[in-house]
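In: Any chance you could fold what I've pasted below:
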Amino acid sequence: MARHDEVLIALRRIIRATDMYSRRLSKIAGLTAPQLLVMQAIARQGEMTMGDIADEVSLSQATITTILDRLEKRELIQRLRGSTDKRRVYAHLTEAGTELLARAPTPLQEEFISRFASLDDWEQSLILSSLQRVAAMMNADDIDASPVLDLGAMDRAQPATDINEQRRRQAPTQHPVSEATRK
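Out: Numbers count the residues shown, from 1 in each chain. Have a look, this model is predicted:
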């Protein structure tokens, strides 16, 4: 087997492992990995502002707002104005959120981080530089990414009927192509 095929197989295994974890997390807890990380961050602190959450989990505030909207709709978190500074809004886990978090699987990156940390420095550097090189070879240098192992949209977990409705709305409308346009 050619080396480039072996590299592509290894990449595909990484993608599949991430996908399989994401499906398991969605099936068990109905959450995406970013939603789980946000809930874990809130649980550790007790309450957090959107900016604090964004900094903690390395996601944009816009993404955090979308995630919190979904979690609040499911009554897993609630947002409350600060008692001393009414301009600040804090996210808190609800009782249902705490219960769900207790039975959710551990994030995939936690296991990876643990195993990666046990490697010697030279091996960590080798893996880092190799993956950075692969990302560059795939023209992925400028793609914004956070250290969250998940596939798809950050707010993906939703009932199947919502997903199907969303797909119908996003489907491109079929327009006939005129003869002049084809030339």
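
In: Tell me where this protein has helices.
Out: 3-29, 33-45, 50-57, 61-73, 95-103, 108-117, 121-137, 160-170, 179-182 (DSSP state H).

In: Could you tell me how many residues sit around A91?
Out: Residues within reach of A91, counting by other C-beta atoms under 10 Å, total 25. (Glycine included, C-beta is placed from N, CA and C.)

In: ditto for A136
Out: By other C-beta under 10 Å, neighbour count at A136 equals 10.

In: again, but for Q35
Out: Q35 - counted by other C-beta under 10 Å - has 28 other residues nearby.

In: I'd say it and R70 touch.
Out: Yes: counting by C-beta atoms under 8 Å, Q35 does reach R70; the two are 6.9 Å apart.

In: Quick check: the gap between the most centrally placed residue in the chain and D120.
Out: Residue closest to the average C-alpha location in the chain (C-alpha atoms, centre = their mean): P34, at 3.6 Å. P34 is 31 Å from D120, where distance means C-beta to C-beta, to the nearest Å.

In: T63 now?
Out: Distance from T63 to D120, by C-beta to C-beta: 35 Å.

In: More neighbours: those two, which one.
Out: T63 (19 against 8).

In: on that earlier part again, R87: which of the helices of the chain is closest?
Out: The minimum distance between R87 and these falls on helix 50-57, with 12.2 Å, by C-beta to C-beta.

In: Isn't the residue nearest to the centre of the chain up against I67?
Out: Yes: judged on C-beta under 8 Å, P34 makes contact with I67 at a distance of 5.9 Å.

In: Model confidence score at S114, please.
Out: Note on S114: pLDDT of 92.

In: what's the burial count for it?
Out: S114, neighbours per other C-beta under 10 Å, totals 10.

In: How about the one 3 residues further on?
Out: For A117, the number of neighbouring residues by other C-beta under 10 Å comes to 8.

In: what's the spacing between it and Y21?
Out: For A117, the distance to Y21 - C-beta to C-beta - is 19 Å.

In: Repeat that for Q109.
Out: Q109 is 9 Å from Y21, by C-beta to C-beta.

In: Between those two, which is the more surrounded one?
Out: Between Q109 and Y21, counting by other C-beta under 10 Å, Y21 is the more crowded of the two (20 against 17).

In: which one is that one nearest to, not counting chain neighbours?
Out: L108 (4.3 Å; C-beta to C-beta, 6 or more residues apart in numbering).
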